[in-house]
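K.L.:
sharing a model that was predicted from the sequence below.
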Amino acid sequence: MLVAGLLNGSEVFVTLLLFLTFITYQLLKDYVHKWRELKPVPGISPTYPFLGNALNFKSNGRDFFCQVVGYTKEFWNSPLFKLWIGPVPFLILYHADTIETVLSNPVHMDKAYAYKFLHPWLGTGLLTSTGDKWRHRRKLLTPTFHFSILTEFLEVMNEQGEVLIEKLEKQAGKGPFNCFNHITLCALDIICETAMGKKIYAQSNHDSEYVRSVYRMSDIITRRQRMPWYWPDFVYNYFGEGREHNRSLKILHSFTESVINERTEYITYVESDSESDQGTRKRRAFLDMLLKTTDEDGKKLTHKDIQEEVDTFMFEGHDTTAAAMNWAIHLLGSHPEVQKKAQQELFEVFGESERPINTEDLKKLRYLECVIKESLRLFPSVPFFARTICEDTQISGYKVPKGANVIIITYALHRDPRFFPDPEEFRPERFLPENCVGRHPYAYIPFSAGLRNCIGQRFAIMEEKVILASILRYFNIVACQKREELRPLGELVLRPEQGIWVTLERRKH
Ligand code: HEM
């Protein structure tokens, strides 16, 4: 308004035109620079100016993921290859040494553009933040994943595992059923109670509005990431799923906000009343630690900061573990000899007893841990993740300009026959300590690696062990699908297209 008041109509027009010309020139210059710099990097053809390889891509998410994995095989003898998605270049990495170059360099810590669509839900919490904010938060949050608090969470995991077993009991001996949702709701109950200290009874009431919104939101976001024409907010809001997105967002945020307020009041009450502290203390949750934590200047996190982290844990902390447990169930169900060995180990630890699992037991379940690791090798819950290259760099002799996006495909990396002979075979023994000696440290990275690795990995392994052990103590699993029928959907989290179909037989000890 002020500028328009000082200039007449034609001057405003000329200024606008100059501004647009300048922006177009800058974008074009950047595009031509990247095009030239990346020319020597192998790529698929045909590649058209501005459209890139977009005309070659399969339109649906599952086929696109299979296509990219197919390209990694085609380019296996190159250290990397490039894809142009419209005017944006992506370098695809699938070899341990090229991945090491990126992940071990603290300069390349920024997340790629597509993570921006998580911001309305997660704000800039640990997963999505960058620079000093990320460093500060990571330092503050690392102690909240300390071993002692994880031990307290073991109780929650055992309890929710019991609820799951009661539900599975009803399916045992009754022929094939899809266990995917049963496992997922169990993981959701565990994360709600451990992250927020709130029971949501997802396993018995799977029609909760909050639960529905978590799924709806993950769905909506992945769809938007695949459709560049919906990237601008105004297009998305008017022509895309913007309204549906905002409705789910409201439900998700008001739920976590009310839990945070409730918990703050509770903590204030407990701190002011030492008797109730002795008698009726609730279990600790991540949220309690976030409410109490202070930085080196004694400053607490604001409620908005805390909400970002709670929402992040809710998002990262249940779909990933649920998918991992489901894949492991399929693999155990299709490899009876592996299943028997895992059950033998459980028998050695628990005998006939039905007692809950404690931390000492967890340490003894070494073979089960190998099963979990091998399942995450074949089906990493996060099948790819991305970074922005923050300064000009060299990857295996190729110059990569600042601003290029890099996609790390763990699904392909984990199938490198140099480190995992007969890579499609399910062999938990690969992860026995003696068989890991000398393996490249970046050959197996289901939890990413380097400074921005997964903060929840010990929590995840613990949850998987408790739930899988509970199932294997009571049931024999028989898989009803062949590997080729599983058709992994490579979205944010790797899921089988039709779920996981199994039959369960009750075990007599
Ligand atoms: C099997 C289960 C899991 C797998 C495979 C997994 C995998 C990953 C991967 C690959 C990343 C890096 C993502 C990226 O760079 O974009 C990551 C980051 C993260 N994960 Fe997990 N995750 C799992 C479970 C969990 C759980 C249970 C929690 C929390 C309770 C969690 C919280 C996080 C957070 C907060 C980050 C961001 C860390 C940072 O940037 O500093 N994850 N996870």
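P.N.:
Structure received. Values in this document were obtained by computation on a predicted structure and should not be read as measured data.

K.L.:
rest of the way, CA atoms for contacts and neighbours
P.N.:
OK.

K.L.:
what parts of this protein come near the ligand?
P.N.:
126-127, 138, 313, 316-317, 320-321, 324, 380-382, 385, 446-448, 452-457, 459-460 (CA under 6 Å from any ligand atom).

K.L.:
which ones among these are found in strands?
P.N.:
Members of the residues of the chain next to the ligand lying in strands (criterion: DSSP state E): residue 385.

K.L.:
for PyMOL, what selects the buried ones among the residues of the chain next to the ligand?
P.N.:
Per 16 or more other CA atoms under 10 Å, the buried members of the residues of the chain next to the ligand correspond to this PyMOL selection:
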select buried, resi 126+127+138+313+316+317+320+321+324+380+381+382+446+447+448+452+454+455+457+459+460
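
K.L.:
so, low pLDDT: which residues of the stretch 201-350 of the chain?
P.N.:
206, 272-282 (pLDDT under 70).

K.L.:
for it, what spans make up the helices?
P.N.:
With DSSP state H, counting those that start in this stretch as the criterion, the stretch 201-350 of the chain has helices at 209-226, 233-239, 242-272, 274-279, 286-292, 303-316, 319-334, 336-350.

K.L.:
deepest of those helices, which one?
P.N.:
When these are scored by mean count of other CA atoms under 10 Å, the highest mean neighbour count falls to helix 319-334 (a mean of 24).

K.L.:
for that helix, give me every contacting residue.
P.N.:
Contacting residues not belonging to helix 319-334 are listed as 179-180, 183-184, 187-188, 338-339, 371-372, 375-376, 379-382, 426, 460, 463-464, 468, 476-479, 481, 493-495, 500-502 [CA atoms under 8 Å, 6 or more residues apart in numbering].

K.L.:
and stretch 467-487, by the same measure?
P.N.:
With CA under 8 Å, 6+ apart as the test, stretch 467-487 has contacts from 62, 157-158, 161-162, 165, 172, 176, 325, 329-334, 336, 339, 342-343, 346-347, 368, 496-508.

K.L.:
which residues does the residue of the stretch 201-350 of the chain found nearest the ligand contact?
P.N.:
At 3.6 Å from the ligand, residue 317 is the closest residue in the stretch 201-350 of the chain, using CA to the nearest ligand atom. Counting by CA under 8 Å, 6+ apart, residue 317 touches 191, 456, 460.

K.L.:
repeat that for 7 Å
P.N.:
Going by CA atoms under 7 Å, 6 or more residues apart in numbering, residue 317 touches residue 191.

K.L.:
gap between it and residue 88?
P.N.:
To residue 88, residue 317 is 30 Å away according to CA to CA, to the nearest Å.

K.L.:
ok, which stretches of the stretch 101-250 of the chain are strands?
P.N.:
Here the stretch 101-250 of the chain has its strands, by DSSP state E, counting those that start in this stretch, at 177-178.

K.L.:
for whichever residue of it sits closest to the ligand, grab phi and psi.
P.N.:
Nearest residue of the stretch 101-250 of the chain to the ligand, counting by CA to the nearest ligand atom: residue 127, 3.7 Å away. Note on residue 127: backbone dihedrals following degrees, to the nearest 10 are phi -70, psi -40.

K.L.:
rounded mean pLDDT for stretch 465-474, please.
P.N.:
The pLDDT scores in stretch 465-474 average 98.

K.L.:
can I get it in CSV, CA atoms only?
P.N.:
The C-alpha coordinates for stretch 465-474 follow below in CSV (Å, rounded to 0.1, in the frame of the first residue of the first chain):
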residue,chain,number,x,y,z
LYS,A,465,11.3,-57.6,21.5
VAL,A,466,8.5,-57.4,24.1
ILE,A,467,5.7,-57.7,21.6
LEU,A,468,7.2,-60.4,19.4
ALA,A,469,8.3,-62.4,22.4
SER,A,470,4.8,-62.2,23.9
ILE,A,471,3.3,-63.5,20.6
LEU,A,472,5.9,-66.3,20.2
ARG,A,473,5.5,-67.5,23.8
TYR,A,474,1.8,-68.2,23.2
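
K.L.:
chain center to it, what's the gap?
P.N.:
23 Å (CA atoms, centre = their mean, to the nearest Å).

K.L.:
which SSE is residue 502 in?
P.N.:
According to DSSP states H and E, residue 502 maps onto strand 501-506.

K.L.:
tell me what that strand is packed against?
P.N.:
Packing contacts for strand 501-506, counted by 3 or more CA pairs under 7 Å, 6 or more residues apart in numbering; DSSP states H and E, involve strand 177-178, strand 475-479.

K.L.:
identify the residues contacting the residue of the stretch 101-250 of the chain closest to the ligand.
P.N.:
By CA under 7 Å, 6+ apart, the residues touching residue 127 are residue 312.

K.L.:
can you check residue 130 too?
P.N.:
109-110.

K.L.:
if I look at it, how far off is residue 77?
P.N.:
33 Å.

K.L.:
cool, residue 56 as well?
P.N.:
22 Å.

K.L.:
what about those two, which has more around it?
P.N.:
residue 56 (13 against 9; other CA atoms under 10 Å).

K.L.:
checking the closest residue to that one other than its chain neighbours next. Helix, strand or coil?
P.N.:
Nearest residue to residue 56, sequence neighbours excluded (CA to CA, 6 or more residues apart in numbering): residue 46, at 8.0 Å. Secondary structure, DSSP: H, G, I helix; E, B strand; the rest coil: residue 46 is coil.

K.L.:
distance of residue 46 from residue 53?
P.N.:
In terms of CA to CA, residue 46 sits 7 Å off from residue 53.

K.L.:
do the same with residue 137
P.N.:
Distance, residue 137 to residue 53, using CA to CA: 38 Å.

K.L.:
hang on, residue 465 is in a helix, isn't it?
P.N.:
Yes - judged by three-state DSSP, residue 465 forms part of a helix.

K.L.:
report the contact partners of it.
P.N.:
With CA under 7 Å, 6+ apart, residue 465 has no contacts at all.

K.L.:
from here on, call the first residue 59.
P.N.:
Will do, 59 is the new start, and the previous item becomes residue 523.
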